[in-house]
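# Provide a 3D model corresponding to the input given below.
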Amino acid sequence: MKYSRLLPAAALFAICLAGCSNTKNNPLVISTAKRDAKLFVVTVESAAFFRRGPQTGREPDKTLLKETVVRLIRPSFGYSKVEVVATGEQGYVASEEIRPASSALIASVSARKTDPLASPSTQPAVEQFNLNSSDPRLVPPPEDLPPVDLPPPAPEQ
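Have a look, this model is predicted:
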């Protein structure tokens, strides 16, 4: 009897919860995959780059030159977290010093990553494994031997 008063409230709560879970068509929900995939470029001659975030009285860890391509990780009003595409370093730059990269710049960055005609010295080293090699590290260990302290096996009759 006392639970019958809670039933309408529980039903209303369940309806609200189900309505909030549908984020597919909700324009206010930003897809992290879309946001994380954005490439930006430095627009000033030299932008301060902080690995652990800007702090008062602390010099930047390095500076990024104009046209340096960065991947936006987390946008913010003051400093945005970015990843330098060329080196993979993550850090913070002033949000007003970067802008979305042009499609031509994005295409050139993508072409640089997969350029089959690039010289071997510019491409990352790929470790090669040859299982037929005489490398002693690739030889399997010997079979386990029985412990020495066991008595010899009994002769078969």
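
# how much space between Asp61 and Gly91?
7 Å (C-beta to C-beta, to the nearest Å). Placement of C-beta: from N, CA and C, glycine included.

# neighbour count: these two, which is higher?
Between Asp61 and Gly91, counted using other C-beta atoms under 10 Å, the more crowded position is Gly91 (23 against 13).

# that older thread, mutual contacts of Asp61 and Gly91, please.
49-51 (C-beta atoms under 8 Å, 6 or more residues apart in numbering).

# which of the residues you listed are buried, as a PyMOL select command?
Burial among the shared contacts of Asp61 and Gly91 is assessed by 16 or more other C-beta atoms under 10 Å; the matching PyMOL selection reads:
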select buried, resi 49+50
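
# in TSV, list the shared contacts of Asp61 and Gly91 along with distance to Leu150.
Below are these laid out as TSV (distance: C-beta to C-beta, whole Å):
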residue	distance to Leu150
Phe49	65
Phe50	65
Arg51	59
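
# strands - which of the shared contacts of Asp61 and Gly91 land there?
Counting by DSSP state E, the part of the shared contacts of Asp61 and Gly91 found in strands is Phe49.

# so which residues of the protein form strands?
39-42, 46-49, 62-65, 69-74, 79-84, 90-94, 98-100.

# pLDDT on the shortest one, on average?
Summarised as a single mean, pLDDT over strand 98-100 is 94.

# next: the second one.
In this model, strand 46-49 carries a mean pLDDT of 95.

# can I get the CA coordinates of that strand in CSV?
Extracted in CSV, the C-alpha atoms of strand 46-49 (Å, rounded to 0.1, in the frame of the first residue of the first chain):
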residue,chain,number,x,y,z
SER,A,46,56.0,31.7,-32.1
ALA,A,47,53.6,30.2,-29.7
ALA,A,48,54.5,29.3,-26.1
PHE,A,49,54.1,25.6,-25.5
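
# on contacts alone, who are the packing partners of that strand?
Where contact means 3 or more C-beta pairs under 8 Å, 6 or more residues apart in numbering; DSSP states H and E, strand 46-49 is packed against strand 62-65, strand 90-94.

# what does the last one contact?
If I follow you right, that is strand 90-94. For strand 90-94, using C-beta under 8 Å, 6+ apart, the contacting residues are 42, 47-54, 61, 64, 70, 73, 78-84.
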